[in-house]
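Trainee: fold the stuff below for me.
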Amino acid sequence: MPRRNRPDRGRRVELGAATGWARAESAPDGEWLVRTVPGSQATKVYRCPGCDHEIPAGVAHVVAWPADETGSVADRRHWHRPCWQARARRGPTRRR
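Mentor: As a prediction, the model looks like this:
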């Protein structure tokens, strides 16, 4: 059967985890919404909270924020992918 290239007009889609814009992750440190940022869309320099190193512009990374109602835009943090995946095994780092 051929695939459909148009969205189903009868179905309402909301932004967020349902559209693939952000995915929900559950971990011992809580519920998170996580979005992957491809290198082509990474236009600014960020500091990773996992390793305290900079994430240069043009480097793919993830953005994570709490999934509960207390999480907001101000709570978003940009992480290197390996740092995000290893956050449960690492202690907090010092900010230089």
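Trainee: and Ala64, how far is that from Arg35?
Mentor: As for Ala64, its distance to Arg35 is 8 Å (criterion: Cβ to Cβ, to the nearest Å). Heads up, the C-betas are built off the backbone N, CA and C, glycines and all.
Trainee: which one's more surrounded, those two?
Mentor: Ala64 (21 against 17; other Cβ atoms under 10 Å).
Trainee: and the more buried one, what element?
Mentor: In this structure, Ala64 is located in strand 61-66 according to DSSP states H and E.
Trainee: try Cys83
Mentor: Secondary structure here is read from DSSP H and E; on that basis Cys83 sits in helix 81-85.
Trainee: my reading is that Arg90 lies in a strand. Confirm?
Mentor: No. Checked against DSSP: H, G, I helix; E, B strand; the rest coil, Arg90 lies outside a strand; its state is coil.
Trainee: pLDDT at it, what is it?
Mentor: pLDDT for Arg90: 72.
Trainee: wouldn't it be in contact with Gly50 here?
Mentor: Yes. Counting by Cβ atoms under 8 Å, Arg90 touches Gly50, with 6.5 Å between them.
Trainee: which neighbours do those two share?
Mentor: Shared between the contact lists of Arg90 and Gly50 (criterion: Cβ atoms under 8 Å, 6 or more residues apart in numbering) are residues Cys83.
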